[in-house]
Every structure is written in structure tokens, then in C-alpha cells.
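Q: quick one, what's the 3D model for this:
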Amino acid sequence: MTSDTETIERIVDKVEFVADATGLLARKQSLGREEYLADREQQAIVEREFQVAIEACIDIAELLIRDSEEEMPATNADKFHRLERLGALSTETATRMGEAAGFRNVLAHNYGGDLDDEQVYSHLQEDLRWFPIFCREVRKYLDEAATDDG
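A: Below you'll find the predicted structure:
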């Protein structure tokens, strides 16, 4: 891996964005299920923050893959599995982030009655922990690459 300073800075910016978005989502975890399901404004905030946090993780994956000179996978889920193959992510993290990429597609392409608010609430309560794990594994990979290069 031969990350230049600009690529590293872009990744760091995106990691910070993911941290901010997931911090906001973590604050929304205190909403009770019924309260969440009854409040369209809260739903909109949660949906959007999830979508952009996942998109930022996909962007990070793309930057790392481009930097590796590996071929870019066709699907967003496969991008996380490519990071696993590169040694940047654990199998479990790659799998969970691949699932997040699928959830991002649901958020981006469904709305109103087509979006399962119960599913979104479930993701809010159960899946936030994967974002900081993803970011830590990326950081470790970058740190190891810097040590190997220097």
C-alpha cells in the first residue's frame, strides 16, 4: 500500500464524519420503539445519518482499494470483502459492513410506506457498534502500512 498524504487526509476526514454521524445516531438510541415509530422527524434523521455514515464507509473502502491497485469490485458489499482480502478488515467486520451496504441501498431507494421503520429501528439499536470497529480496523491497517513503508 502506498497511500499518499492526500488519500490519508481524505480517509481521516471520512472517519471523522462517520464518528459524528454515529454519535448522533447513538443519541437517538434512547428513543423508545413506539416513540420512534410515531415521530417522522426522528425517523428522517436516523435514516439520513445511517445512509451517509454507510456511504462514507464505502468511500473509505474505495479509497483503500484504489490505493492498493486492486480491481474495484462491482458491488459496495464486495468492496468490504476486498478490504478483508487485503488484510484491512476482519471477516466479521467485512460481513457486517457488507450488510450495511445492503441496508444503505434500502434507505436510498425506499421511502414512505416502502421503508420498514421497524427494521430501521432495529438497526439503530443493534448495529451501530460496527462503525467504530470498521474505523479502528482501517486505522490499524493504515498504521501498519505506514510502519511497513517507513
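Q: need phi/psi at residue 69.
A: phi 70, psi 20 (degrees, to the nearest 10).
Q: next one: it, what pLDDT does it get?
A: Per-residue confidence (pLDDT) for residue 69: 85.
Q: just give me the neighbour total for it.
A: Using other CB atoms under 10 Å, the number of residues around residue 69 comes to 8. Heads up, the C-betas are built off the backbone N, CA and C, glycines and all.
Q: again, but for residue 128
A: 18.
Q: that one and residue 24 touch, don't they?
A: No. Between residue 128 and residue 24 there is no contact under CB atoms under 8 Å: 10.4 Å.
Q: flag the shaky bits of this protein, pLDDT-wise.
A: Within the chain, the stretches with pLDDT under 70 are 1-3, 112, 149-150.
Q: hmm, 50 instead?
A: By pLDDT under 50, the chain has no low-scoring segment.
Q: ok, which stretches of it are helices?
A: Counting by DSSP state H, one finds helices in the chain at the ranges 5-28, 33-38, 40-68, 76-86, 91-109, 117-126, 130-149.
Q: turn these into a markdown table, columns for mean neighbour count.
A: Output for these, formatted as a markdown table (neighbours: other CB atoms under 10 Å):
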| stretch | mean neighbour count |
| --- | --- |
| helix 5-28 | 16 |
| helix 33-38 | 13 |
| helix 40-68 | 19 |
| helix 76-86 | 20 |
| helix 91-109 | 17 |
| helix 117-126 | 16 |
| helix 130-149 | 16 |
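Q: how much space is there between residue 86 and residue 146?
A: 15 Å (CB to CB, to the nearest Å).
Q: again with residue 98
A: Taking CB to CB, one finds residue 98 at 26 Å from residue 146.
Q: distance from stretch 60-79 to the middle of the chain?
A: Remark: stretch 60-79 is offset 14 Å from the chain centroid, using CA atoms, centre = their mean, to the nearest Å.
Q: what is the end-to-end distance of it?
A: End-to-end distance of stretch 60-79 (CA to CA, to the nearest Å): 10 Å.
Q: which outside residues touch it?
A: 1-3, 7, 10-11, 14-15, 18, 58, 80-83, 85-86, 88, 97-99, 101-102, 104-105, 134, 138, 141 (CB atoms under 8 Å, 6 or more residues apart in numbering).
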